Structures are given as structure tokens and as C-alpha cells.
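Q: From the sequence below, what's the structure:
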Amino acid sequence: MTDLATQYAVERLNARYAAAIDEDRLEEWPRFFTERARYQIITRENHERGLPVGIFTADSRGMLEDRVASLREANIYEAQRYRHILSPSLVLDAAGGIVTAATNYQVIRILQDGATMLFSVGRYLDRIALRGAEPLFEEKLVICDSRRVDTLLAIPL
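A: Below you'll find the predicted structure:
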């Protein structure tokens, strides 16, 4: 049985992560990860088959910071916002200051003209370090249930 403090830490980290993205505070997004963190968006099909090819992969906080810089300075895409809906997290394992947890998500995309659509559904499979003052993701896999992905995946999921 998971202790309440661990459960709370996992759910609070995911809630803060989603809020930073949803409120367009993307510069905060990389700070939810350790320096050597891995972030990957991958289809469920590829994940289940053990295929390493993802839609987006980063192997460090620096790569995530570069992604935000390119979104702000270089990339051109239609103005849009996300709204995350997260399930309670299921803590799968907790040992040695590392927690493994799964959280279902839905991301709704709102375009500048007000059009709203269900953009992505899936689950987060996270490894979270609980060693410091704040929990941080060591690994965040965003496993999309659908293999059909809009080519305009600009903002992190």
C-alpha cells in the first residue's frame, strides 16, 4: 500500500506539470525534470512492441529548455492552448527514493478561433525522484493511445 505522502507528491508533481503547460508557462516545464531526465512521446503501439521510435524524445533538461526556446523564437504554429485532465495516479513501485507511477491523461486543444478538440489521450508512465526538496521526473513517457497524431504537436503533452 502506498503511503499518502508519496501519493500526494506524485499527484502534485503531475498537477503542477500540467498547469505550467496549460497556462503557457513553458519556461517552467523543464524544471520539473532532473538534469539527465528522459522525456518521450510515443504511441502505445510502439511502446508495447518495445520499439524505441517516438514522436519526440529528449535525454536531458537542456534539450527540454532548447525545445521551449525553439517554440518561443523559431517555430511558427497556430496559436493554441491545452487543458489537461488527469486521473489519480497509480503508484506502481517505490524504492530507493524513486517512484514509478502511471497517470491517465486527456489533453484538449483550444485554437485561437475558439475551436476545441480532444487532442491526445493516453497515460504517463513516470519515474520520479523523491530525493530533493521537490520531486522531479527522471523519466516521463507520454504514451499516446492513438497512433494517429496531428502533425502540429508543438506544445509538450
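Q: and stretch 9-18, which residues are buried?
A: Going by neighbour count (16 or more other Cβ atoms under 10 Å), the buried part of stretch 9-18 is 9, 10, 11, 13, 14, 17, 18. From N, CA and C alone the C-beta is placed, and that goes for glycine too.
Q: If you could redo that for stretch 110-124, that was the one I meant.
A: In stretch 110-124, counting by 16+ other Cβ under 10 Å, buried: 110, 119, 120, 122, 123, 124.
Q: Next: stretch 129-136.
A: 129, 130, 135, 136.
Q: now for those residues, which pair is the farthest apart?
A: Maximum pairwise distance among the buried residues of stretch 129-136 (Cβ to Cβ): 8.7 Å, between 130 and 136.
Q: that older thread, quick check, nearest of the buried residues of stretch 9-18 to residue 68?
A: Distance to residue 68, by Cβ to Cβ, is smallest for residue 17 among the buried residues of stretch 9-18, at 13.6 Å.
Q: any chance you could read off phi and psi for the closest one?
A: Backbone geometry at residue 17, expressed as degrees, to the nearest 10, gives phi -60, psi -50.
Q: got it, and residue 86?
A: phi -110, psi 140.
Q: Centre of the chain to whichever strand or helix holds residue 127, how far?
A: When elements are defined using DSSP states H and E, residue 127 is found to belong to strand 116-129. In terms of Cα atoms, centre = their mean, to the nearest Å, the gap separating the centre of strand 116-129 from the centre of its chain is 6 Å.
Q: What of stretch 135-152?
A: Distance, centroid of stretch 135-152 to centroid of chain: 6 Å (Cα atoms, centre = their mean).
Q: cool, and stretch 99-115?
A: That offset, for stretch 99-115, works out to 9 Å (Cα atoms, centre = their mean).
Q: Does anything pack onto the strand holding residue 127? Which helices or strands?
A: With contacts taken as 3 or more Cβ pairs under 8 Å, 6 or more residues apart in numbering; DSSP states H and E, strand 116-129 sits against helix 4-22, strand 98-111, strand 136-144.
Q: which one of these lies closest to residue 34?
A: Nearest of the helices and strands packed on strand 116-129 (Cβ to Cβ): strand 136-144, 4.8 Å.
Q: Dump the C-alpha coordinates for that closest one into PDB.
A: What follows is strand 136-144, C-alpha atoms only, in PDB (Å, rounded to 0.1, in the frame of the first residue of the first chain):
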ATOM      1  CA  LEU A 136      11.400  15.600 -10.100                       C
ATOM      2  CA  PHE A 137      10.800  13.400 -13.200                       C
ATOM      3  CA  GLU A 138      13.700  11.200 -14.000                       C
ATOM      4  CA  GLU A 139      11.700   9.800 -16.900                       C
ATOM      5  CA  LYS A 140       8.300  10.800 -18.300                       C
ATOM      6  CA  LEU A 141       6.900   8.600 -21.000                       C
ATOM      7  CA  VAL A 142       3.800  10.100 -22.700                       C
ATOM      8  CA  ILE A 143       2.200   7.000 -24.200                       C
ATOM      9  CA  CYS A 144      -0.500   8.100 -26.700                       C
END
